[in-house]
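A.B. asks: Please find the sequence and the predicted model below.
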Amino acid sequence: PHSSSPPTHAAPRQRTRAGPGDMAGNDMVYVSGLPDTVTEADLSAIFGAIGQLKFDKKKGCDKVWLYRNKMTGLPKGDATVTYADPFA
């Protein structure tokens, strides 16, 4: 039987530090549903307006990873963006 009472609120989850087996830490955001015309620069501009992005020293740019089709090189529609501050 279903109750008509409003749902109860769970206690807020505490932030935990990502361990070695975790896919992403609290500073990384996964984005999906992107058009195949999007670029890393587009994502840096959009998500950089929310908070400071982590700088990738190897690549010399913001830490934005755009998943690409291995055969065509076109974006697959998803990406990760990493913030310098996990609370951004």
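C.D. replies: Okay, I see it. The structure displayed is predicted, hence computed values, not measured ones. Residues are numbered from 1 along each chain as shown.
A.B. asks: can you map out the helices along the protein?
C.D. replies: 40-48 (DSSP state H).
A.B. asks: show me where it has strands.
C.D. replies: Remark: strands assigned in the chain by DSSP state E are 28-32, 55-56, 61-62, 64-68, 75-82.
A.B. asks: of all the ones you listed, which lies closest to Val38?
C.D. replies: Closest to Val38 of the strands of the chain is strand 75-82 (C-beta to C-beta; 5.8 Å). Quick note: C-beta positions are derived from backbone N, CA and C, even for glycine.
A.B. asks: other SSEs contacting that closest one?
C.D. replies: Packing partners of strand 75-82 (3 or more C-beta pairs under 8 Å, 6 or more residues apart in numbering; DSSP states H and E): strand 28-32, helix 40-48, strand 64-68.
A.B. asks: Single out the most deeply packed of those.
C.D. replies: strand 64-68 (a mean of 17; mean count of other C-beta atoms under 10 Å).
A.B. asks: now Asp56: how far from Asp36?
C.D. replies: Per C-beta to C-beta, to the nearest Å, Asp56 is found 23 Å from Asp36.
A.B. asks: For the helices and strands packed on strand 75-82, give me a markdown table that also has distance to Asp85 and mean pLDDT.
C.D. replies: Conversion of these to a markdown table gives the following (distance: least, C-beta to C-beta, whole Å; pLDDT from 0 to 100):
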| stretch | distance to Asp85 | mean pLDDT |
| --- | --- | --- |
| strand 28-32 | 12 | 94 |
| helix 40-48 | 12 | 95 |
| strand 64-68 | 16 | 95 |
